[in-house]
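Q: sequence unknown, structure follows:
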């Protein structure tokens, strides 16, 4: 089952311009399943199943850890967007901390681009 917006065949854009299912994402009743709860849905939407049936499982602990990491992805992406915006002081850095902030912004920008399919 996939969620589309207004019958356009596309997922709705999020605040960051992404077209992934908006968060929050949570681990479901089965701790190895990641779910979203879109408005108007009576049942949770499955985002990922880190312990699918028919495949030999990794350890249960590893499957649960994978699900938790996936469930945190929308919040982490938003946090990176917010951090880049909040730390933008404009101009060129003049201190060691300024250079560290600039390096963080560049690395975070690469991670965001990868998450958004641009890099």
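A: That came in fine, so what should we check first? All values reported here derive from a predicted model rather than from experimental measurement. Numbering: from 1, shown residues only.
Q: Not counting sequence-adjacent ones, nearest residue to residue 101?
A: residue 87 (5.1 Å; Cβ to Cβ, 6 or more residues apart in numbering). Every residue, glycine included, has its C-beta placed from N, CA and C.
Q: I figured the one you found hits residue 105, correct?
A: Yes. Judged on Cβ atoms under 8 Å, residue 87 makes contact with residue 105 at a distance of 6.2 Å.
Q: And those two? Which one has more around it.
A: Ranked by neighbour count (other Cβ atoms under 10 Å), residue 87 and residue 105 place residue 105 first, with 18 against 13.
Q: now that one: how far from residue 93?
A: Distance from residue 105 to residue 93, counting by Cβ to Cβ, to the nearest Å: 10 Å.
Q: all strands of the protein, in order?
A: Assigned by DSSP state E, the strands in the chain fall at 25-27, 33-36, 45-49.
Q: what's the most buried one of those strands?
A: Of all those, strand 33-36 carries the top mean neighbour count, a mean of 22, counting by mean count of other Cβ atoms under 10 Å.
Q: Report the distance from that one to the chain centre.
A: 12 Å (Cα atoms, centre = their mean, to the nearest Å).
Q: contact partners of it?
A: Residues outside strand 33-36 that contact it (Cβ atoms under 8 Å, 6 or more residues apart in numbering): 21-28, 44-51, 67, 70-71.
Q: That one pairs with which strands?
A: Here strand 33-36 has these sheet partners by DSSP bridges: strand 25-27 (antiparallel), strand 45-49 (antiparallel).
Q: any chance of those strands in JSON lines, with mean pLDDT and distance to residue 81 too?
A: Output for the strands paired with strand 33-36, formatted as JSON lines (pLDDT from 0 to 100; distance: least, Cβ to Cβ, whole Å):
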{"stretch": "strand 25-27", "mean pLDDT": "91", "distance to residue 81": "17"}
{"stretch": "strand 45-49", "mean pLDDT": "90", "distance to residue 81": "20"}
